[in-house]
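# turn this into a model:
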Amino acid sequence: MPALFLAALLPWLYWDQGTTTASAVKQAGIDRLYVPPDQVAAWQAEGFDARGSDPAQFVKIQALGVVYRMDEANATNTPWVDGNGWRFERDSKARYYYDTKWRKATLAAAEAYTYGVEAVVHPDPRDLGAFARMLAFLRAIDRPSLPVMANIGIIDDRSDETGEVMNLLARRNLLFRVIPAPDAQYDLTVKIGTKEYPKEEAEDPGAFATGIRQKLTDEKRLLRIYGSDVVLGRVTGDGGQVRLHLINYGGNKVDGLRVRVRGEYARGTLAAFEEANTLLADYAVAGGATEFSIPEMGVYAVVDLKK
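Below you'll find the predicted structure:
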């Protein structure tokens, strides 16, 4: 597959700081970027692959990261992941714009890359270097895409209820795809408003998502993550090999993350953004599943498994 095709999936920088910052952008290793239309010629004169863009032409990402909500039953704060994977599944062809707060640019880049969507990231200027390092990491691990793996099919009626159910499934690492009609390749097909999935039950999306998990059963889940409520995953593969993307939305490193992937894979390799230890620990293959631990993980990691 041509390198240009692979690179097209990498997020772009949107930079509106003007060409007085050109040396800093070059030093960061970035040579292509979106800029306000009236700055294109000036940036091109500086040697950049600069393209004019109005952020209004993109779908704006509203939130990214983790917020803490009060769990009244336990009188504790519980993490709520503001991720966009479910939104990308719903609208994979849209173009997205991240206007990120400080220290969120790498998270935005990792998320967009994981889901293969066209995106631009407008970082806090203090994040320029970190964003550039994430782009370099993504280039280093990039390879031809594998089919997305999921065992729940969602027939999307575009309602708010269905969107919130998809959001909660994603937060619980219950892997789904949006499909136009029932498909036998999925263990479950969910269509809100049917006898099996009544619309009134979807008014409580948390309970509804729990019911889907119970119908699927934990044994059939393609991915289970232990030790963190803020790490979400996406799995792609073709039978003989699997690529697992792991995104940490929490802002702090996660130690001793335990992962279970359905299917037996003899070998596994880890690439983790800005982590020196890239060896999987406690690797075990048994009972139709592969389990391993990631000793330390920052914002993003990729695990490649092969039979």
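
# helix/strand/coil for the one residue sitting closest to the centre of the chain?
Closest residue to the average C-alpha location of the chain: Glu111 at 3.6 Å, with C-alpha atoms, centre = their mean. Here Glu111 takes the helix state, with states given by DSSP: H, G, I helix; E, B strand; the rest coil.

# before we move on, what about the one 3 residues further on?
Here Thr114 takes the helix state, with states given by three-state DSSP.

# from Arg243, how far out is the residue nearest to the centre of the chain?
In this structure, Glu111 and Arg243 are 16 Å apart, going by C-beta to C-beta, to the nearest Å. Yep, even glycine has a C-beta here, placed from its N, CA and C like the rest.

# and what of Thr269?
Using C-beta to C-beta, Thr269 is found at 10 Å from Arg243.

# please apply the same query to Arg143.
From Arg143 to Arg243 the distance is 8 Å (C-beta to C-beta).

# and those two? Which one has more around it.
Per other C-beta atoms under 10 Å, whichever of Arg143 and Arg243 has more neighbours is Arg243, with 19 against 10.

# residue contacts, the closest residue to the more buried one other than its chain neighbours?
Spatial nearest neighbour of Arg243, excluding adjacent residues (C-beta to C-beta, 6 or more residues apart in numbering): Thr236 at 5.0 Å. Residues near Thr236 by C-beta atoms under 8 Å, 6 or more residues apart in numbering: Ser145, Leu146, Pro147, Val148, Met149, Val242, Arg243, His245.

# let's go with 10 Å and repeat that
Applying C-beta atoms under 10 Å, 6 or more residues apart in numbering to Thr236 gives the contacts Thr114, Gly116, Ser145, Leu146, Pro147, Val148, Met149, Ala150, Val242, Arg243, Leu244, His245.

# for burial, what's the neighbour tally of Trp15?
Using other C-beta under 10 Å, Trp15 has 26 other residues around it.

# and it, what does it touch?
Contacts for Trp15 (C-beta under 10 Å, 6+ apart) come out as 21-22, 24-25, 30, 33-36, 39, 43, 48, 50, 120-123, 125, 128.

# kindly report the same for Glu46.
For Glu46, the contact set (C-beta under 10 Å, 6+ apart) comprises Thr19, Ala22, Ser23, Val25, Lys26.

# by mean pLDDT, point me to the weakest helix or strand of this protein.
Taking mean pLDDT, DSSP states H and E as the measure, helix 3-7 is the helix or strand of the chain with the lowest mean score, a mean of 39.

# okay, helices next: where are they in the stretch 1-150 of the chain?
For the stretch 1-150 of the chain, applying DSSP state H, counting those that start in this stretch gives helices covering 3-7, 22-27, 40-45, 85-90, 105-115, 128-141.

# figure out which of those helices is closest to Gly193.
helix 85-90 (16.9 Å; C-beta to C-beta).

# find the nearest non-adjacent residue to Asp54, please.
Pro37 (6.9 Å).

# now list the buried members of the contacts of Glu46.
Neighbour counting over the contacts of Glu46 (16 or more other C-beta atoms under 10 Å) leaves Thr19, Ala22, Val25 as the buried ones.

# out of those residues, which is nearest to Arg171?
Val25 (35.2 Å).

# wait, what's in contact with the closest one?
So Val25 contacts Leu13, Trp15, Gln17, Thr19, Asp31, Leu33, Trp43, Glu46, Phe48, Leu128, Ala132 (C-beta under 10 Å, 6+ apart).

# now pLDDT too, for these, in CSV please.
Formatted as CSV, the contacts of Val25 follow (pLDDT from 0 to 100):
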residue, pLDDT
Leu13, 97
Trp15, 97
Gln17, 95
Thr19, 97
Asp31, 94
Leu33, 96
Trp43, 98
Glu46, 97
Phe48, 97
Leu128, 97
Ala132, 97
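
# got those residues as JSON lines, with distance to Arg158 columns?
Output for the contacts of Val25, formatted as JSON lines (distance: C-beta to C-beta, whole Å):
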{"residue": "Leu13", "distance to Arg158": "32"}
{"residue": "Trp15", "distance to Arg158": "34"}
{"residue": "Gln17", "distance to Arg158": "38"}
{"residue": "Thr19", "distance to Arg158": "43"}
{"residue": "Asp31", "distance to Arg158": "39"}
{"residue": "Leu33", "distance to Arg158": "34"}
{"residue": "Trp43", "distance to Arg158": "39"}
{"residue": "Glu46", "distance to Arg158": "44"}
{"residue": "Phe48", "distance to Arg158": "39"}
{"residue": "Leu128", "distance to Arg158": "37"}
{"residue": "Ala132", "distance to Arg158": "37"}
